[in-house]
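Enquirer: requesting a structural model of the entry that follows:
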Amino acid sequence: MSESISIVINGERKEIPVGTNIMRLLAHLGLPPGRVAIERNLDILPREQWETTEVASGDRYEIVHLVGGG
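Expert: Numbering: from 1, shown residues only. Next up is the predicted model:
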């Protein structure tokens, strides 16, 4: 049985595998990384840190999916 941690994404509690980084989190959620903005614990998380930032138990995320149109 794999370990999981509890985080909050857009106000909803989620369980994710231990050791998940931001890129794997986006894949787990089915979100394309090219069209999202991420706030982690009330701070904007720069895209260049997504590969190296590991999700920690208790983290709170707001993930905004950008939609184009006219």
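Enquirer: what about residue 12, distance to residue 29?
Expert: 11 Å (Cβ to Cβ, to the nearest Å). (Each C-beta comes from the backbone N, C-alpha and C, glycine too.)
Enquirer: looking at the two, which is more packed in?
Expert: Neighbours were counted for residue 12 and for residue 29 using other Cβ atoms under 10 Å; residue 29 has more, 15 against 8.
Enquirer: correct me if wrong: the more buried one contacts residue 7.
Expert: No. Applying Cβ atoms under 8 Å, one finds residue 29 not in contact with residue 7, separated by 11.1 Å.
Enquirer: correct me, but residue 28 touches residue 20?
Expert: Yes. If you go by Cβ under 8 Å, residue 28 and residue 20 touch, sitting 6.8 Å apart.
Enquirer: between these two, which one's more packed in?
Expert: Using other Cβ under 10 Å as the criterion, residue 28 and residue 20 rank with residue 20 on top: 18 against 13.
Enquirer: and the residue nearest to the more buried one when sequence neighbours are not counted, how many neighbours does it have?
Expert: For residue 20, ignoring the flanking residues on the chain, the nearest one in space by Cβ to Cβ, 6 or more residues apart in numbering is residue 55 at 4.8 Å. Residue 55 has 22 neighbouring residues, counting by other Cβ under 10 Å.
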